[in-house]
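Undergrad: A predicted structure for the sequence below; I have some questions about it.
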Amino acid sequence: MLLVGDIGGTKTDLALFPLENELLDQDEPQAELQVTFKSGKYDSLEDIIHEFITNNKVTPTKAVFGVAGPVHNGESKITNLPWHISEKTLVDTFHFQSAKLLNDLEAIAHSVPYLTSRHLEPLNGELGERVMGHNKAVIAPGTGLGEAVLIYVNNHYHIVASEGGHADFAPKSLFEIEFLKYLLGKFNHVSYERVCSGALGIPNIYGYLNDSHYATEAPQIAAALKDAADPTPIIVQAALDEESDLCIQTLNAFISILGSEAGNLALKVMATGGIYLGGGIPPRILSKLKDGTFMAAFIKKGRFSDTLAHIPVYVILHKKPALLGAAYYGLKQL
């Protein structure tokens, strides 16, 4: 059995796939078992794996994990958790034949060539025959902001992990310039993740607008936010339900910043094969992503606006793309 994991700052998904079956390109591997854990309740990934194996009485022989952090020499420090994960430690602890760590966006990118039309929602035009043989890229706002690249060489996609979400935030409007000044008063480095993610970005935008007295918050929303451990779901839902001017403007600013950075990524790698929006947030705000705000920011690149206008953009609707990509990697390469 192949043990596959998607290790995030909020939750960890583990799944088991049979190794003996031949996997064709058009097939989607089917997990025989899948369990979700709250990452913050555990001291390490090893604790979660031990519980998974013990409770389900299984003995995986190989493992692939997509992890929310950079991977160097088979080791990773999870960005939003106090976890250190090592391929060697996993092999020694659980007697795997092999264990592989992938950056979580790298894992999602491994799923992209195999996603079907039912897993994708286009933001610009109809979902026709997808462009193959051209570079692609993934950008995923969730707990953090992840990015990865698919480089097409010799009839094959080579997946390149990235930490582009930690690059400097570049404002493109007077509003965003003032927002950057506000954040520079709080942090010594303002990355795109600080302005374009669920855990940091949305609360930071809301905080700026609130402190700037953009609007008076509705009493019921203010009360809910005061008691919330995580304000982001409340802000997003209030914006979608049009219950709060502050929340609506927060979500609009978030989408505009996301569109701009997606366009930056597309230009840097000439992703003419498509930009794919992953992470937990885009499917939840699909109606807002399709209202024109995202695409206006995406193509606003001066002389290269026409180039950006012809790059397809998709929202990934598959519920577990990192698990799927890690499974493809394990079944094809291990």
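TA: Yep, it's here. Numbers count the residues shown, from 1 in each chain.
Undergrad: where does this structure dip in pLDDT?
TA: Applying pLDDT under 70 to the chain flags residues 21-27, 127-129.
Undergrad: after the longest helix seen in it, which helix or strand is next?
TA: The single longest helix within the chain, with elements called by DSSP state H, is helix 245-269. Using DSSP states H and E, the next helix or strand after helix 245-269 towards the C-terminus is strand 274-277.
Undergrad: other SSEs contacting that next one?
TA: Using 3 or more C-beta pairs under 8 Å, 6 or more residues apart in numbering; DSSP states H and E as the contact test, the elements touching strand 274-277 are strand 136-141, helix 245-269, strand 313-316. Where you see a C-beta, it was placed from the backbone N, CA and C, and this is true even at glycine.
Undergrad: can I get it in CSV? Just the C-alpha atoms.
TA: Output in CSV follows, covering the C-alpha atoms of strand 274-277 (Å, rounded to 0.1, in the frame of the first residue of the first chain):
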residue,chain,number,x,y,z
GLY,A,274,-2.8,28.1,-18.1
ILE,A,275,-2.9,29.4,-14.5
TYR,A,276,-4.7,27.2,-12.0
LEU,A,277,-6.1,28.5,-8.8
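Undergrad: next helix or strand past it?
TA: Per DSSP H and E, strand 274-277 leads on to helix 286-289 as the next helix or strand towards the C-terminus.
Undergrad: buried stuff in the helix or strand following that following helix?
TA: Using DSSP H and E, the helix or strand that follows helix 286-289 towards the C-terminus is helix 293-299. Using 16 or more other C-beta atoms under 10 Å as the test for burial, helix 293-299 gives 293-295, 297-299.
Undergrad: before we move on, what about stretch 64-76?
TA: In stretch 64-76, counting by 16+ other C-beta under 10 Å, buried: 64-71, 75-76.
Undergrad: export that stretch as CSV, just CAs?
TA: What follows is stretch 64-76, C-alpha atoms only, in CSV (Å, rounded to 0.1, in the frame of the first residue of the first chain):
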residue,chain,number,x,y,z
VAL,A,64,4.5,10.4,-0.3
PHE,A,65,3.6,13.5,1.5
GLY,A,66,2.8,17.0,0.2
VAL,A,67,3.9,19.4,3.0
ALA,A,68,3.1,23.1,3.6
GLY,A,69,6.7,24.3,3.6
PRO,A,70,9.9,24.2,1.6
VAL,A,71,11.7,20.8,1.2
HIS,A,72,15.5,20.6,1.3
ASN,A,73,17.4,17.4,1.1
GLY,A,74,14.5,15.3,2.1
GLU,A,75,13.6,17.5,5.1
SER,A,76,11.0,20.2,5.7
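Undergrad: quick check: domain ranges of this structure?
TA: 2-111+320-333, 118-317 (automatic domain parsing).
Undergrad: in which helix or strand would I find the residue nearest to A253 when sequence neighbours are not counted?
TA: The shortest distance from A253 to any non-neighbouring residue, by C-beta to C-beta, 6 or more residues apart in numbering, is to I205 (5.0 Å). Using DSSP H and E, I205 maps to helix 201-211.
Undergrad: just checking, what packs against that helix?
TA: helix 174-184, helix 192-195, helix 232-240, helix 245-269.
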